[in-house]
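J.: Could you look at this predicted model? Sequence included:
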Amino acid sequence: DVKVTQSSRYLVKRTGEKVFLECVQDMDHENMFWYRQDPGLGLRLIYFSYDVKMKEKGDIPEGYSVSREKKERFSLILESASTNQTSMYLCASSPPRQGRGQPQHFGDGTRLSIL
Amino acid sequence: RKEVEQDPGPFNVPEGATVAFNCTYSNSASQSFFWYRQDCRKEPKLLMSVYSSGNEDGRFTAQLNRASQYISLLIRDSKLSDSATYLCAVTPLEYGNKLVFGAGTILRVKS
């Protein structure tokens, strides 16, 4: 089974802090993704990476950055946390597309509150 | 128009009922389709892939209708434990490895 592990289930930070969310997968997947999920808005893609040191912006990258120094680890960084970044953050991974697209496998999620 | 649309529900059904959800997609070049299940305050979990020929797994059946651009999920003999939000996900050809998710359909199975 694919295992995607996020570093924290719950996190409380203050406005203006720099926040790091970590994600590790154990299936040697090339692709990794960061989403946030808010009631009524569904899953929104923040950033994704298809290889080490490669990254691409998703639909809502503003206020976030990412780092992928190793294949198994993908970090999401909130440069200066704001209250509107309070949300559920989900990391996912998938193998490369092989003709057809591949499903993504999600971590448990991090419920982040910015006070 | 959203790329992937789902009826948000909730669908309230009694135990033992058969219930079906649809998910419409706008990009005719979409190639891969999936159903996920998400329990309250948990992560989405892959329920099943949807193939051109359809896919059945126990009480769950998924179908693809390319002509009308929708996928469906049928749940037979509903259980209380089926109560969850069901998300569909679609991969348009030009999106590479990204999935586009619907906002989900809420199912509540009641005794």
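T.: Happy to help now that I have it.
J.: check contacts around the residue nearest the centre of chain A.
T.: Nearest to the geometric centre of chain A sits A:W34, at 2.4 Å (C-alpha atoms, centre = their mean). By C-beta atoms under 8 Å, 6 or more residues apart in numbering or on different chains, the contact list for A:W34 reads A:21, A:23, A:45-48, A:58, A:64, A:66, A:74, A:76, A:89-91. (C-beta placed from N, C-alpha, C; glycine too.)
J.: Need the three-state assignment for B:E94.
T.: With DSSP: H, G, I helix; E, B strand; the rest coil as the basis, B:E94 sits in helix.
J.: Touching, it and B:A29? I think so.
T.: Yes: at 6.7 Å, B:E94 counts as touching B:A29 under the criterion of C-beta atoms under 8 Å.
J.: The residue nearest to the centre of chain A pairs with what?
T.: A:Y47, A:C91 (DSSP bridges).
J.: which residues of chain A score low on pLDDT?
T.: For chain A, the stretches flagged by pLDDT under 70 are A:99.
J.: residues from it in reach of chain B?
T.: Contacts of chain A with chain B, taken as C-beta under 8 Å from any C-beta of the partner chain, map to A:30-31, A:33, A:40-43, A:45, A:48, A:50, A:58, A:88, A:90, A:94, A:96-97, A:100-109, A:111.
J.: okay, now A:K13: neighbour count?
T.: Applying other C-beta atoms under 10 Å in any protein chain shown, we find 16 residues neighbouring A:K13.
J.: Please read the previous query as pertaining to B:E5.
T.: Using other C-beta under 10 Å, B:E5 has 16 neighbouring residues.
J.: That one - nearest residue in space that isn't next to it in sequence?
T.: For B:E5, ignoring the flanking residues on the chain, the nearest one in space by C-beta to C-beta, 6 or more residues apart in numbering or on different chains is B:T24 at 5.0 Å.
J.: for B:G104, same thing?
T.: B:T85 (4.2 Å).
J.: partners of that neighbour in the sheet?
T.: According to DSSP bridges, beta-bridge pairing links B:T85 with B:Q38, B:I106.
J.: Now find how far off-centre stretch A:101-115 is within its chain.
T.: With C-alpha atoms, centre = their mean, to the nearest Å as the basis, stretch A:101-115 stands 6 Å off its chain's centre.
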